[in-house]
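Visitor: could you look at this predicted model? Sequence included:
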Amino acid sequence: MKKSVQVVVSVIVYQNLYLLGFRQAHQHQGNRYEFIGGKIEENETPQHALIREVAEEINLDIQKNIMIKMGRIYHDYGDKQVTLHIFKINLDIHQFQQLQHHTGNEGQKICWVEKQEILANRYPLPDANAKILDWLRLPEIIYITQSLDFFSQNQQHWLDYYQNKLPPSATVYLRPQCDLPINQLLVEKILKLRSDIQIITHMDIELNQQQKQQLLAKHLNHQQLMSVSVTSLDKNQLYFASCHDENSLSKINQINNQKTIIACFISPILNTPTHPEKKGIGWNNFKKLTKKSNIPAFSLGGITPKHIKNTQKNMGYGIAGIRLLNNIN
């Protein structure tokens, strides 16, 4: 058994710009770009290693920044195994202005790159970073639609509401909770009305090639997750999954070893008026689950925009909810 090298990786971002370094030809996976990071030292937490490595590599102090947990990646290069602990760091304008030079502390090239250029593979990354590219597509807020019942089964009212209410380039889980043919029709219509949005859909929704360009993932609810066979999942499809406890999180991590579950909803965090019979798990239990998750986790259940910092301080990636739209004018 080869011992896994523990590595911390910082996805440093300012607005739509991401900071990349360049690996020298003599280095492992050389002549490729990389996110700033390095090996975790003995008796050092990933967070402490992150602070140290960023200071050593680019002379930036991130001690006061929220370290947003993205996930863990296990990768075997053949000559070595690595475990990557990935964190996202949002910079403020002053920190961004400090990083306008083009070299790091050791003379390595660094540069700011737009997200779409990274996703288009114009800046080749080490092989182990493949899942990070999927995670770059994740927003920090996911909107969830009301059921069609909420609109008295009026399809046009449902469509009008989300056409006008969703923010530009929003990510939305389309969940009208109706018969599959009507669900299919509503998805097709909202995609025509809002070509800017990114969507999560029911597992059985079928999309054409053009519509798939707006698809982030298909959703596995808790029952589907616990009963699904890994071999029945499409290896070319990204999935989102709902998690309520350690058993479902363990299943998510297990599936993610073979197929890509891009992220999960952990719920319910707080008590909600729509499900008064379900008691929220609270922030302490949320953190216990997110610490064990290998993928980005979104808090769901009684969540409002004010909970995003609390979510990220408890090792979640972002927030999701039906009523998040209530706070948008």
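Guide: Nice, I can see it. Numbering: from 1, shown residues only.
Visitor: ok, now how distant is Leu148 from Phe240?
Guide: Separation of Leu148 from Phe240 (C-beta to C-beta, to the nearest Å) stands at 21 Å. The C-beta positions use only the backbone N, C-alpha and C, and glycine is treated the same way.
Visitor: can you tell me how far the nearest residue to Glu140 once chain neighbours are set aside sits from Ile266?
Guide: Leaving aside its chain neighbours, Glu140 sits nearest to Gly318 (3.8 Å; criterion: C-beta to C-beta, 6 or more residues apart in numbering). Distance, Gly318 to Ile266, using C-beta to C-beta: 11 Å.
Visitor: any shared contact partners between those two?
Guide: 298-299 (C-beta atoms under 8 Å, 6 or more residues apart in numbering).
Visitor: which ones are touching Leu186?
Guide: Residues near Leu186 by C-beta under 8 Å, 6+ apart: 148, 155, 158-159, 174, 176, 178.
Visitor: just confirm His219 is within a strand.
Guide: Yes. Assigned with DSSP: H, G, I helix; E, B strand; the rest coil, His219 falls within a strand.
Visitor: against Ile199, how distant is the residue nearest to it when sequence neighbours are not counted?
Guide: Spatial nearest neighbour of His219, excluding adjacent residues (C-beta to C-beta, 6+ apart): Phe240 at 4.8 Å. Look at Phe240 and Ile199: by C-beta to C-beta, they are 11 Å apart.
Visitor: where do the contact lists of those two overlap?
Guide: Listed as contacting both Phe240 and Ile199 by C-beta under 8 Å, 6+ apart are 173, 216.
Visitor: my guess is Glu57 meets Leu20, correct?
Guide: No. Contact status for Glu57 versus Leu20: not in contact, 11.6 Å apart, counting by C-beta atoms under 8 Å.
Visitor: mind listing the residues bridging to Gly318?
Guide: Counting by DSSP bridges, Gly318 is bridged to Phe298.
Visitor: could you pull up the residues touching it?
Guide: 138-142, 296, 298-299, 308, 311-312.
Visitor: cool, Glu188 as well?
Guide: Neighbour list for Glu188: Gln211 [criterion: C-beta under 8 Å, 6+ apart].
Visitor: in a helix, that's where it is, yeah?
Guide: Yes. Assigned with three-state DSSP, Glu188 falls within a helix.
Visitor: for Lys291, helix, strand, or coil?
Guide: On the three-state scheme (three-state DSSP), Lys291 is labelled helix.
Visitor: now it: closest residue in space, sequence neighbours ignored.
Guide: Met315 (5.7 Å).
Visitor: show the pLDDT at the nearest residue to Gln155 once chain neighbours are set aside.
Guide: Closest residue in space to Gln155, ignoring its immediate chain neighbours: Leu186 at 6.4 Å, by C-beta to C-beta, 6+ apart. Here the pLDDT value assigned to Leu186 is 98.
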